[in-house]
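In: Fold the stuff below for me.
(2 chains)
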Amino acid sequence: MKQGKLIVFEGVSGTGKETQAKLLQRYLEKKHIQSVIVYHPTPELKELLLNWRKQRHIDVTTEVYLLLADRYDRVRQIINPALKKGQWVISLRNAVSARVYQGTTPKMRSWIRKEFSRFEPIPYRLFHFTITPEQALKRIMKRHKKTGEAIGKFENIQALENKLRAYRDVLHDMPHISIDAALAISTIHKKIISSL
Amino acid sequence: MRKGFFVTFEGGEGAGKSIQVQILASYLREEGYKVTVTREPGGTRIGEQIRSITHSQENVDLDSKAEAYLMAAARAQHVAEVISPSIDAGRIVISDRFVDSSIVYQGYGRKLGAEFISKLNEVAVNGAVPDVTVLLDIPFEIGMKRRHDSKKSTDRLDLQQQDFYERVYKGYQTLARTNADRYVIIDAKQSVEQVATEIRNIVSKKIKKHFNNG
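Out: Prediction:
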């Protein structure tokens, strides 16, 4: 059977990655292609990290190892089997996020890259959703009010600016397609499917 | 302040590590040293929570690489939260198991490779290499027998095959040989008192030398 394809959506929170993942899934369904949406980190680990940052002063290196365990498990249990069955996998974030959010030094970043590359499949397409920090924060606050989703430690203007710069550095030597997240949802969707 | 001293205890099941850690710590405290006793896996709240995942009967099929990442996560937290701050404060840190346990159990025992586990843990260890590692040497048949005679509950590790423990035993011997500068091998078939006396003599000599010469 034909191998499936791995699509990765990256970018700071509030850039519409999840909305686009669902639109892409529906598009693929019409083309009779089964697909799976996966999150990195898994929602379970995301919640654990939020708690342990608040209550236990979790060390950033500990976070990286937990992310490795979490992603390794996800790749082994879900991503690789799905790809083998010919399904497409849409991953909301991958190791790029770990390098951006936990890679506090260049040395740390290259270590994170090396460790994840032992098992992380190379994406068929990597989309980076770009946005200004002001827009990102506006969207995050809107979602927070609407759904009650917790505000993470990276979600203020200064931190967002740093993260956007970190994304540019990390993605610099990786093949990727930039998507302006300020565009209309349908425009972005069209751009994505035309890039496949 | 003068940098502290780091002692680790290693050895197979039933070698008597935890009792010897307690005896050595008591002796050193009576000698006037500030001592921090800790253990792996665990040593921190986060570490204990991770330990409950890796040691749970429900996770008999836990993938060995996923386990290696989890152990490294617990270790990174342990070093950052307990070991490094205590050593920086000039204390003596005694840890019941440390990174060598991962190298031996996961690298040799589960055949992930000593090199792989050692490299994977480098960032977690973050330079906290033990000054002395006490290997309580006991043939695994005797260790297992002691373990089963005691009232400790049987956990996941006990359900594994004999050849696993043989690999663990050989792994420790290899580590002791390649790290001869810090390894001290003690015959753990002796009585608790004899073992404790040997450890005290060797370790306290090294500690005195360390603190006197700075």
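
In: going forward, measure contacts between C-alpha atoms and count neighbours the same way
Out: Will do.

In: Can you show me the strands along chain B?
Out: B:5-10, B:35-39, B:92-96, B:132-137, B:183-187 (DSSP state E).

In: which other helices and strands contact the first one?
Out: Right, the one you point to is strand B:5-10. Applying 3 or more C-alpha pairs under 8 Å, 6 or more residues apart in numbering or on different chains; DSSP states H and E, one finds that strand B:5-10 contacts helix B:17-30, strand B:92-96, strand B:132-137.

In: want to throw these into JSON lines with mean neighbour count?
Out: Shown next, in JSON lines, are those (neighbours: other C-alpha atoms under 10 Å in any protein chain shown):
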{"stretch": "helix B:17-30", "mean neighbour count": "17"}
{"stretch": "strand B:92-96", "mean neighbour count": "24"}
{"stretch": "strand B:132-137", "mean neighbour count": "24"}
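
In: So which of these is nearest chain A?
Out: Checking those against chain A by C-alpha to the nearest C-alpha gives strand B:92-96 as the closest, at 18.7 Å.

In: The closest one pairs with which strands?
Out: strand B:5-10 (parallel), strand B:35-39 (parallel) (DSSP bridges).

In: neighbours around residue 193, how many?
Out: Answering for chain A, as no chain was given. When neighbours are counted by other C-alpha atoms under 10 Å in any protein chain shown, residue A:193 registers 12.

In: My question was about chain B, not that one.
Out: Using other C-alpha under 10 Å, the number of residues around residue B:193 comes to 11.

In: What of residue A:161?
Out: Quick note: residue A:161 (other C-alpha under 10 Å) scores 18 neighbours.

In: in the host helix or strand of it, what counts as buried?
Out: Secondary structure assignment for residue A:161, by DSSP states H and E: helix A:157-171. Using 16 or more other C-alpha atoms under 10 Å in any protein chain shown as the test for burial, helix A:157-171 gives A:160-161, A:163-164, A:166-167, A:170-171.

In: The helix or strand that it is followed by pairs with which strands, and in what direction?
Out: Going down the chain from helix A:157-171, the next helix or strand is strand A:177-180, by DSSP H and E. Looking at strand A:177-180 with DSSP bridges, its partner strands are strand A:125-130 (parallel).

In: Could you look up the SS state of residue A:89?
Out: strand (DSSP: H, G, I helix; E, B strand; the rest coil).

In: contacting residues around it?
Out: Residues counted as contacts of residue A:89 (C-alpha atoms under 8 Å, 6 or more residues apart in numbering or on different chains) are A:4-7, A:35-38, A:79, A:82-83.

In: So it versus chain B, what's the distance?
Out: According to C-alpha to the nearest C-alpha, to the nearest Å, residue A:89 and chain B sit 21 Å apart.

In: residue nearest the centroid of chain A?
Out: residue A:93 (1.3 Å; C-alpha atoms, centre = their mean).

In: where does the residue nearest to that one when sequence neighbours are not counted fall, phi/psi-wise?
Out: Spatial nearest neighbour of residue A:93, excluding adjacent residues (C-alpha to C-alpha, 6 or more residues apart in numbering or on different chains): residue A:10 at 4.9 Å. For residue A:10, the backbone dihedrals are phi -120, psi 160 (criterion: degrees, to the nearest 10).

In: Please apply the same query to residue B:129.
Out: phi -90, psi 130.

In: Identify the residue spatially nearest to residue A:79, adjacent ones excluded.
Out: residue A:89 (6.5 Å).
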